[in-house]
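*Asks:* sequence first, then the predicted structure:
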Amino acid sequence: MKEDEYDIVVIGSGVAGALSAWRLGQLGSYRILILEAGDNGITHGQRIEFHHMMDTQGNRGDMYAPYMDLESRKWAPAGEKAQKELTDQKKDEKYYDYTGKTKDPFKAGYNRMVGGSTWSWRGNTPRFLPSDFKLQSMYGVGRDWPIDYNELESWYCQAEWELGVSGNHEELDGLFGAYRSQPFPMHGISLGYSDQRVKSRIDGKTVRGTEIRVVTTPQARNSIPFDNRPACEGHSNCIPLCPIQAKYDATVHLRRALDNPHIELKKAAVVTRLEKGGDGRVRTVWYKDWRSDDPMKERSVKGAVVVLAAHAIETPKILLLSNNLANSSKQVGCNLMDHVQFEVIAVFPEPLYPFRGPQSITSIEEFRDGEFRRRRSGFRMTIGNDGWGRTGSPATVIDSILKEGKYGSALPEEIAARIPQMLRLSFSTEMLPEKSNRVDLSPNKDALGIPRPRFTFDIGTYSQEGLREGFATATELFGVMGAKVSENQKPLMNPVTGRMNWNTAAHIMGTCIMGDNPVDSVVDRWGRTHDVPNLWIVGSSVFATSATANPTLTIAALTLRTAAAIHREMGSPH
Amino acid sequence: MDDKTAFMELSALLTGVYTIVTDPEDKGRFEPIADEYKRRLSAVLRDPLQEVLDAYKTLASASPKPPINDALLAKLRATQEFKDNEFAAKQVVNIWCFSQFKAEDKDVHFLDGGFYEEGLAWPLIKAHPIGFSDQPNDYWTRRP
């Protein structure tokens, strides 16, 4: 095998790419190359450097704050400023473009870094529900996956061990039929004082006709020392960065993968296209090395198998750039989904002392499923331990106090009284896969001369009705608690745009959808593209529905399953 | 009165944390922090901050020297300089509370004050600076 020829080329080093490379390296003596657009380190020293970057940031809790000075942002941008309304995005955002048909901005960014978007995630790892795989047959909307919860369940168990998920088995076993065949690797994160006080007021109560429970969110955050990583120390910095790596990130599996002498990582490599050989298989991966003397020059490697793991915007982009590769279905880039979410903020009737412990420990799961999904989305609710979350930092409260003229001796008392009473309830809704929601290629190019992504996006009435119900539910819950919705609460309807206000969860999904039928899907039930036998896709781009669960655990489960399938295929002549 | 002293006294007056100047140990600890805060604020709010400082110095130079308390604060707030430059006064509060401040009211992002871990708000709300817990696992289960 020549120096630039590999058994497997993995494109992307986030959780999907890292797990693929590591697992395939375990299964066989494959020579594996990981190509990654970013070039940051993955050592503890790099983590400390990122942590202290935030010393100079005014906005702690911003997903991308520690990474804004990376040189890779110039060469491999990723929409970090996308969390804005459409008009503002068009002024400030230098990467995302839009068609004239778009009704909503696409607010989700991601990290094009070694370790991917797990450098910025919260760490929450709920599973999909059985009905999430059967949305069409159960509720007549969306799609069905070609696999069901039963097929994925054992992979969920494996993924929970690999990521190190803490949770309480008895709370979640059987949730809407989502049985658990194994306990969690670790018991759940202990409830904070804040969660205990909230739970005491609402647990077991009926809200919007549903009896609710406050449960511990399953999360990839160590409740005990696990996997050579410490237990959570409650730095309250989960997004973006856990300073001690009690929260899982993909560098865990990357480091393991790179301990394997057969696995290499090439950084600063932005893949530009995939090229097929005469036999219809991908043979050549072309990329630009932005750290080289000639960043614009295309270079190449060859792979017997190619695994696309570049997240749900860059993955379809690469296929579209490759002369519409694997796109006989015309679905590449389509069915773009995000979890659209919102939050209601309130003043609790007693001090809760937020900003102690993880940013969110508990959730309410009861609104995720039901017959209502025939006409509106479900949502998953989380209880914040971070004051007013995205709506207002503690500085917002100080601003209010000063507006009342309370400088001087009154100020410390007011701070001590008000900030500890801040509470937020967030709700994250699903979107339906709609072909019209899509990412394709803009005529505008980035610094490497590669077309930027162009969006057509509309969150749709299904999600809007879910947000409406979420807002009403959160408001009613605060009433049950005896909490007062804050005057700083953002309205659900934006008076300027006439559209709904919402935040992104940055859970990008659906752009290379999974299905049994090549006519309307990009990959088969194992993640192999229908059109190209040696091209596989891992990550959230293969999701057929968005559900209401944070996607990372499902990404991990599917990835481990796909790695097993790749190994089986490589073991037999094709 | 020099600007350094005036800034420290003004900071105590506005924030209500009088120990910045009245407690010798705190004063010693906060002096270099105050220097840096004044430097950073002055970099973007030089004139507005100076006007508020000058208004304070005028009041504080009365004989006998007035104590740092709400009565003095009320006099300062009644000055035209304070009214015209209240934004700068608010940034003095912000920088001491969370070691961050804004250059303009409409700014979304804060500028760094340089001493994030020394923010005065954290002990008031019984929390650690975000990202810098010095407590063990599970500390958050207990009321502080």
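*Replies:* Arrived safely, thanks for sending. Numbers count the residues shown, from 1 in each chain, chains lettered A, B, ... in the order given.
*Asks:* let's verify the residue nearest to B:W140 when sequence neighbours are not counted: helix, strand, or coil?
*Replies:* In this structure, B:W140 finds its nearest non-sequential neighbour in A:G357, 2.8 Å apart by CB to CB, 6 or more residues apart in numbering or on different chains. All C-beta spots, glycine's among them, are computed from the backbone N, C-alpha and C. The local conformation at A:G357, judged by DSSP: H, G, I helix; E, B strand; the rest coil, is coil.
*Asks:* kindly report the same for A:G204.
*Replies:* coil.
*Asks:* which residues does it contact?
*Replies:* A:211-213 (CB atoms under 8 Å, 6 or more residues apart in numbering or on different chains).
*Asks:* number of residues surrounding the residue nearest to B:W140?
*Replies:* Per other CB atoms under 10 Å in any protein chain shown, the neighbour tally for A:G357 reads 31.
*Asks:* ok, it to A:I202 distance?
*Replies:* 19 Å (CB to CB, to the nearest Å).
*Asks:* burial of residue 100, as a residue count?
*Replies:* No chain specified, so I'll use chain A. A:G100: 5 neighbours (other CB under 10 Å).
*Asks:* you answered for a different chain; I wanted chain B.
*Replies:* Residues near B:Q100, counting by other CB under 10 Å: 23.
*Asks:* quick one on the thing from earlier: nearest to chain B, of the contacts of A:G204?
*Replies:* A:R213 (19.0 Å; CB to the nearest CB).
*Asks:* distance of the closest residue to A:A505 other than its chain neighbours relative to A:I555?
*Replies:* In this structure, A:A505 finds its nearest non-sequential neighbour in A:H339, 3.7 Å apart by CB to CB, 6+ apart. Using CB to CB, A:H339 is found at 14 Å from A:I555.
*Asks:* what does the stretch 101-250 of chain A put close to chain B?
*Replies:* A:190-194, A:196, A:223-224, A:231-237, A:241, A:243 (CB under 8 Å from any CB of the partner chain).
*Asks:* picking up where we left off before, the residue nearest to B:W140 touches A:G234, doesn't it?
*Replies:* Yes. Between A:G357 and A:G234 there is a contact under CB atoms under 8 Å: 4.1 Å.
*Asks:* all strands of the stretch 1-150 of chain A, in order?
*Replies:* In the stretch 1-150 of chain A, the strands defined using DSSP state E, counting those that start in this stretch lie at A:5-11, A:32-35, A:97-98.
*Asks:* tell me which strands the shortest one pairs with, and in which orientation.
*Replies:* Applying DSSP bridges to the sheet, strand A:97-98 is found paired with strand A:451-456 (parallel).
*Asks:* got the contact list for the strand it pairs with?
*Replies:* Residues contacting strand A:451-456 (CB under 8 Å, 6+ apart): A:79, A:95-99, A:101-102, A:105-106, A:313, A:317, A:321, A:336, A:436-446.
*Asks:* which helix or strand lies directly C-terminal to it?
*Replies:* Next helix or strand after strand A:451-456 toward the C-terminus (DSSP states H and E): helix A:460-481.
*Asks:* who does the very next helix or strand once past that next one touch, helix- and strand-wise?
*Replies:* Sequence order places strand A:484-485 as the next helix or strand after helix A:460-481, per DSSP H and E. Secondary-structure packing of strand A:484-485 (3 or more CB pairs under 8 Å, 6 or more residues apart in numbering or on different chains; DSSP states H and E): strand A:340-347, helix A:460-481.
*Asks:* what comes into contact with strand A:484-485?
*Replies:* A:344-347, A:349, A:475, A:478.
*Asks:* neighbouring strands for that strand, and are they parallel or not?
*Replies:* strand A:340-347 (antiparallel).
*Asks:* helix A:460-481 and the next helix or strand along the chain from the strand it pairs with, what's the angle between them?
*Replies:* Using DSSP H and E, the helix or strand that follows strand A:340-347 in sequence is strand A:360-364. For strand A:360-364 against helix A:460-481, the angle between stretch directions is 100 degrees (axes from the mean of the first three to the mean of the last three CA atoms, to 10 degrees).
*Asks:* just the CA trace of strand A:360-364, in CSV.
*Replies:* The C-alpha trace of strand A:360-364 is given here as CSV (Å, rounded to 0.1, in the frame of the first residue of the first chain):
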residue,chain,number,x,y,z
SER,A,360,-28.8,21.6,34.0
ILE,A,361,-29.4,18.5,35.9
THR,A,362,-33.1,17.7,35.7
SER,A,363,-35.7,17.4,33.0
ILE,A,364,-39.4,16.7,32.4
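*Asks:* quick one: contacts of it?
*Replies:* Against strand A:360-364 from outside (CB under 8 Å, 6+ apart): A:122, A:124, A:126, A:189-192, A:195, A:198-199, A:212-217, A:238, A:380-386, A:426, A:477.
*Asks:* 7 Å instead, please
*Replies:* A:122, A:189, A:191-192, A:195, A:199, A:212, A:214-217, A:380-385 (CB atoms under 7 Å, 6 or more residues apart in numbering or on different chains).
*Asks:* just checking, A:F379 touches A:M431?
*Replies:* No. With contact defined as CB atoms under 7 Å, A:F379 does not reach A:M431; the gap is 11.4 Å.
*Asks:* can you count the residues close to residue 32?
*Replies:* Since you didn't name a chain, this refers to chain A. Going by other CB under 10 Å, the residues that sit close to A:I32 add up to 25.
*Asks:* switch to chain B, please.
*Replies:* B:P32: 10 neighbours (other CB under 10 Å).
*Asks:* what of A:E211?
*Replies:* 10.
*Asks:* nearest residue to it other than its sequence neighbours?
*Replies:* Using CB to CB, 6+ apart, the nearest residue to A:E211 is A:G204, at 6.6 Å.
*Asks:* okay, the one you found: pLDDT?
*Replies:* At A:G204, the model reports a pLDDT of 98.
*Asks:* also A:N503?
*Replies:* pLDDT, read off for A:N503, is 94.
*Asks:* wait, isn't it in contact with A:R390?
*Replies:* Yes. Counting by CB under 7 Å, A:R390 is a contact partner of A:N503 at 5.9 Å.
*Asks:* tell me the helix or strand right after the helix or strand of chain B with the lowest mean pLDDT.
*Replies:* Ranked by mean pLDDT, DSSP states H and E, the weakest helix or strand in chain B is strand B:111-112, scoring a mean of 88. Elements were assigned by DSSP H and E; along the chain past strand B:111-112, the next helix or strand is helix B:121-124.
*Asks:* tell me the mean pLDDT for that following helix?
*Replies:* 94.
*Asks:* same for it, what does it pack against?
*Replies:* helix A:410-418 (3 or more CB pairs under 7 Å, 6 or more residues apart in numbering or on different chains; DSSP states H and E).
*Asks:* list the contacts of the helix it packs on.
*Replies:* A:397-398, A:401, A:406, B:15-17, B:121, B:124-125.
*Asks:* near chain B at all, the next helix or strand after it?
*Replies:* Downstream of helix A:410-418, the next assigned helix or strand under DSSP H and E is strand A:422-429. No. Judged by CB under 7 Å from any CB of the partner chain, strand A:422-429 stays clear of chain B, getting no closer than 9.3 Å.
*Asks:* counting contacts, what elements does strand A:422-429 pack onto?
*Replies:* Partner elements for strand A:422-429 (3+ CB pairs under 7 Å, 6+ apart): strand A:340-347, strand A:379-384, helix A:460-481.
*Asks:* got TSV for the ones you listed, with mean neighbour count and mean pLDDT too?
*Replies:* Listed next are the helices and strands packed on strand A:422-429 as TSV, based on neighbours: other CB atoms under 10 Å in any protein chain shown; pLDDT from 0 to 100:
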stretch	mean neighbour count	mean pLDDT
strand A:340-347	24	96
strand A:379-384	25	98
helix A:460-481	20	98
